[in-house]
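J.: Structure for this input, please:
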Amino acid sequence: MAYAIGLKTRQPLCRIDLARHPAKRDLLVDVLCRAFDRDPHINWIVRQDTRRDDALRQLFQLLLTELMGRDGEVIASTDLKAVAIWFPPSAWNLDWLTQARLGMRFAAISGWKNLPGRAYGLNAMESKHPASPHYFLQTIGVDPSVQGEGYGAALLTAILQRGDAAGRPIYLETGNPDNVRFYGKYGFRVVAETALRRGPTLFQMIRPAAFENQRAPLPRGIRIPLRPSLGEAW
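T.: The predicted model follows:
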């Protein structure tokens, strides 16, 4: 799942160490809940009954805790209005023991009656990952109050720079056809599609490292720190 917008923001970005700053996790969960409130893929995962809002929050709490593993990274704007979750090669997949341990929590998120179909769909999505080593951009979420101001595009561009520096492709998934066109401007191409039962079609996209075609530059004034500072800066 991913979200992207235009280029206007001058907000600097930072890497968030959630273990050292757990209070920031709650703020980022709030942002993700607002950003994905109407997202078709997220609403396919989350139960759609009176417990839906609580389940939505549980999902993003899970994404920012156990599903991060040891190597997942969180980057955000310094005002915490936008956040991206992404993984280096081989760090995104969960072993069966971890999946089993988290099964009860996921059942509360999806609802027991939906669990088999959701688990089947998520496993089908996972099977579409490229076989070669790649970075996985799991999520970009932007608070609705600042959507259209370039936060998402700034996060995306920073991640592309990291992929290029490492010489690795970047993989993402989106259920929004408009995002397919947007990511195409940055060198992503659709490599597979997954039709989720009673849900949206998910587009799997990949961008090779060091994409050479023209893409939108960062606006003048935006800063992407390249060296850590106080354990948080990118």
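J.: Excluding chain neighbours, what is closest to the residue most central in space within the chain?
T.: Centroid-nearest residue in the chain, with CA atoms, centre = their mean: Thr139, separated by 0.9 Å. Leaving aside its sequence neighbours, Thr139 sits nearest to Ile85 (CB to CB, 6 or more residues apart in numbering; 4.5 Å). The way it works is simple: take the backbone N, C-alpha and C, and place the C-beta from them, glycine included.
J.: For that neighbour, grab phi and psi.
T.: phi -120, psi 130 (degrees, to the nearest 10).
J.: on that earlier part again, figure out the helix or strand that the residue nearest to the centre of the chain lives in.
T.: strand 135-142 (DSSP states H and E).
J.: So what's the gap between that strand and the chain middle?
T.: 2 Å (CA atoms, centre = their mean, to the nearest Å).
J.: and it, what other elements does it pack with?
T.: helix 22-35, strand 82-87, helix 151-166, strand 170-174 (3 or more CB pairs under 8 Å, 6 or more residues apart in numbering; DSSP states H and E).
J.: Go again with 10 Å.
T.: helix 22-35, helix 52-63, strand 73-77, strand 82-87, helix 151-166, strand 170-174, strand 201-207 (3 or more CB pairs under 10 Å, 6 or more residues apart in numbering; DSSP states H and E).
J.: okay, the angle between it and strand 73-77?
T.: 30 degrees (axes from the mean of the first three to the mean of the last three CA atoms, to 10 degrees).
J.: Just the C-alphas of strand 135-142, formatted as CSV.
T.: Listed next in CSV are the C-alpha coordinates belonging to strand 135-142 (Å, rounded to 0.1, in the frame of the first residue of the first chain):
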residue,chain,number,x,y,z
TYR,A,135,13.8,-2.7,-1.1
PHE,A,136,10.1,-2.9,-0.2
LEU,A,137,8.2,0.4,0.2
GLN,A,138,5.3,-0.8,2.3
THR,A,139,3.5,2.4,3.2
ILE,A,140,3.6,6.2,2.6
GLY,A,141,0.9,8.0,4.6
VAL,A,142,0.2,11.8,4.6
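J.: Give the partner strands of it in its sheet and their orientations.
T.: If you go by DSSP bridges, strand 135-142 pairs up with strand 82-87 (antiparallel), strand 170-174 (parallel).
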